[in-house]
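# turn this into a structure:
(one chain, ligands or ions: 3)
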Amino acid sequence: MNEQDINEYPPLEKIPNHVGIIMDGNGRWARSRGKPRLMGHRAGVENLRRVLRAAVELGIPTVTLYAFSTENWKRPEKEVRGLLRLLEESLISEVDELHKNGVQLRHIGNLDPLSANLKKQIHEALELTKDNTQLIANIAFNYGGRQEIVEAVRNIIAEGYTVDQITEEVVSAHLYTAGLPDLDLVIRTSGEMRISNFLIWQGAYAEYYIAPVFWPDFDKAELYKALQTYNQRDRRFGGLQKI
Ligand code: IPE
Ligand code: IPE
Ligand code: MG
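Ligands and ions are numbered 1, 2, ... in the order given. Prediction:
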């Protein structure tokens, strides 16, 4: 960090281990400029690059980004197709740079409905970046929290666990996020106060922060504000405040 950066973003006492981001408001961002919704999604993808850089600079080790939910298939076909195309384009244009910057890409969700070509590209990106350690960027694409739990239950039964063997640890280990820490902080942009089926198990004791700006306008200063608020929270986990 350079000096200006240290003045602008003084080091914070607590940095969350795992931040979830519900990247919301692309459509409204575009509409407020008289542009088609897809332009907002394009601006949203570009912003992702900025925010990942900011996350590295602020020392956040793991982020999970909600990019497409299991419910987003309900949108008009044209928008869904546009979002899939954007995923494909950004894999091609961004992966080398992310790899150079030490970002480890991961995916959570169900890739089955995607084309064979897109699946192959995703697997290649995950394979290329798997040993990077600067930042884990976990992309939730075709992800739904309930669907994730249903799939975990199915796998637990298929693996022959007995009733007595089912614990919170066993359930956690069968989720897409197995091996990652639970969420400390969830940020949702665009002022909406909803979970929208995002990491419902892993966020059981997360702190929640609602940013007033649309996702394409969420920058390092906004991320820093979220971290400052997180630092003011008193996390009791059901116990009593430390005095
Ligand atoms: C978030 O922006 C991106 C996705 C859900 C894919 P939206 O598309 O939900 O934008 P708004 O909420 O309609 O403005
Ligand atoms: C949540 O946003 C999903 C993503 C950001 C990918 P939505 O815009 O789809 O959620 P709702 O419809 O407002 O709940
Ligand atoms: Mg939305």
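# does any part of the longest helix seen in the chain sit near ligand 2?
In the chain, with assignment by DSSP state H, the single longest helix is helix 77-100. No. Helix 77-100 stays clear of ligand 2 (Cβ under 6 Å from any ligand atom), getting no nearer than 9.1 Å. Every C-beta, even on glycine, is put in place using the N, C-alpha and C of the backbone.
# tell me how far the helix or strand bottoming out on mean pLDDT in the chain is from the chain's mean position?
Every helix and strand of the chain was ranked by mean pLDDT, DSSP states H and E. The lowest is helix 3-8, at a mean of 84. Centre-to-centre, helix 3-8 and its host chain are 27 Å apart (Cα atoms, centre = their mean, to the nearest Å).
# what lies in contact with that helix?
The list of residues contacting helix 3-8 from outside it, by Cβ atoms under 8 Å, 6 or more residues apart in numbering, reads 57, 221.
# and after that helix, which helix or strand comes next?
Using DSSP states H and E, the next helix or strand after helix 3-8 towards the C-terminus is strand 18-22.
# contacts for that following strand, please.
Residues contacting strand 18-22 (Cβ under 8 Å, 6+ apart): 51, 55, 60-66, 180-189, 192, 195-196, 198-199, 202-203, 206.
# touching ligand 1 at all, the helix or strand that that strand is followed by?
For strand 18-22, the following helix or strand on the C-terminal side (DSSP H and E) is helix 26-31. Yes. Helix 26-31 lies within reach of ligand 1 by Cβ under 6 Å from any ligand atom, at 26-28.
# kindly report the same for stretch 86-98.
No. Applying Cβ under 6 Å from any ligand atom, one finds stretch 86-98 out of contact with ligand 1, separated by at least 9.2 Å.
# quick one: stretch 21-28 to chain centroid distance?
Taking Cα atoms, centre = their mean, the mean C-alpha location of stretch 21-28 is offset from the chain mean by 12 Å.
# for stretch 201-218, same thing?
Relative to the centre of its chain, stretch 201-218 is centred 10 Å away, using Cα atoms, centre = their mean.
# all further residue positions should be reported with the first residue as 627.
Sure thing, new numbering starts at 627, so read that last one as stretch 827-844.
# quick one: low-confidence parts of the protein?
627, 869 (pLDDT under 70).
# which residue would be the closest one in it to ligand 2?
Using Cβ to the nearest ligand atom, Ser822 is the residue of the chain that sits closest to ligand 2, at 3.7 Å.
# could you measure from that residue over to Ile836?
Distance, Ser822 to Ile836, using Cβ to Cβ, to the nearest Å: 13 Å.
# repeat for Pro636
Going from Pro636 to Ile836 by Cβ to Cβ gives 23 Å.
# which one of the two has more residues nearby?
More crowded of Pro636 and Ile836, by other Cβ atoms under 10 Å: Ile836, with 17 against 9.
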